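Q: build the 3D model from these lines:
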Amino acid sequence: MSRLPRREFLRTATVAAGAVCSASALADNTPSGGSAMSDTSMSELHKPRPLPFDPARVAGLSERMLRSHWENNYGGSVKALNTIRQRLAEALGDKDLPPFVYNDLKREHLMRTGSVVLHELYFENLGGDGRAHAATRKRIAAAFGDFDTWETEFRRIGAGLGGGSGWVLLGYNRHTAAIENYWLADHLHGPADTVPLLVMDMYEHSYQIDYGAAAAKYIDAFFRNIRWDAVAARIERAGIAAQAAP
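A: Modelled structure (predicted):
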């Protein structure tokens with residue numbers, strides 16, 4: 001795969017999905033004899049983002065499934081993340097809490113954060129007409145040789161995750177200055193220093209209601225409904241310059 005020249009990228013690109021937090025601190029949860037956690041990322045609540053599209057108007061993905069996905073899977077992770085943040089704020093002030101117990105909370109914090117962010121990115125890049133604009137196609141083609149090569153690999157990664165769990169991610173790695181497709185087994189592990197450009201959920205909850213075990217049909221439906229405007233906006237925020245494919 002060809003890579004865009006390093007000089008074409010801004011080194012200060014920001015991740016597309018920023019956390020949306022409320023201003024409510026958990027002061028009432030300060031343990032006796034301790035102090036509230038000074039890191040506000042652990043003491044603020046995350047507000048769920050509404051679906052950015054009408055779930056009744058997504059061809060090939062039912063309203064029932066999309067609402068269940070948003071409410072139960074994404075919504076459940078938001079609630080769990082806020083609970084973990086509260087527990088961490090409390091636990092940090094407990095000098096008798098063993099470090100391995102604290103780290104159990106931190107592992108859950110990592111997992112729930114990953115789930116919330118990836119779900120928000122996923123829903124944000126759904127609800128479109130599936131047609132990529134010429135400029136976006138050009139940027140992706142420059143990294144993969146041609147647009148079809150990118151799509152073939154992205155779909156293949158998704159097919160390999162069918163019947164299990166994970167994510168497929170098209171991302172810009174700021175360290176290597178490369179646009180690549182990535183396989184993610186879960187919410188906890190992803191490529192370092194990478195800006196997500198397109199995210200596809202391959203957990204069974206994202207397609208089983210509509211397609212059962214037929215993950216390939218879900219992948220087809222996903223591609224028909226990609227909101228490429230969201231992908232283009234992420235590319236622009238990352239400062240990825242256009243370049244013709246060789």
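Q: let me see the domain layout of the protein.
A: Following automatic domain parsing, the chain resolves into domains at 6-10+129-237, 27-124.
Q: now residue 167, nearest residue through space, not along the chain?
A: Spatial nearest neighbour of residue 167, chain neighbours left out: residue 184 (4.1 Å); criterion: CB to CB, 6 or more residues apart in numbering. C-beta coordinates here come from the backbone N, C-alpha and C atoms, glycine included.
Q: ok, that neighbour touching residue 170?
A: No. Assessed by CB atoms under 8 Å, residue 184 is found out of contact with residue 170, at 11.5 Å.
Q: between these two, which is the more surrounded one?
A: residue 170 (27 against 22; other CB atoms under 10 Å).
Q: helix/strand/coil for the residue lying closest to that one once chain neighbours are set aside?
A: Closest residue in space to residue 170, ignoring its immediate chain neighbours: residue 198 at 4.1 Å, by CB to CB, 6+ apart. Of the three states, residue 198 takes strand according to DSSP: H, G, I helix; E, B strand; the rest coil.
Q: contacting residues around residue 198?
A: 125, 154, 169-170, 226, 231, 234 (CB atoms under 8 Å, 6 or more residues apart in numbering).
Q: quick revisit: quick one: contacts for the residue nearest to residue 167?
A: 118, 166-169, 190.
Q: what subset of the residues you listed is buried?
A: 118, 166-169, 190 (16 or more other CB atoms under 10 Å).
Q: and of those residues, the nearest to residue 217?
A: Within the buried ones among the contacts of residue 184, proximity to residue 217 (CB to CB) peaks at residue 168, which comes in at 15.8 Å.
Q: quick check: the closest one touching residue 200?
A: Yes. Using CB under 8 Å, residue 168 makes contact with residue 200 at a distance of 4.4 Å.
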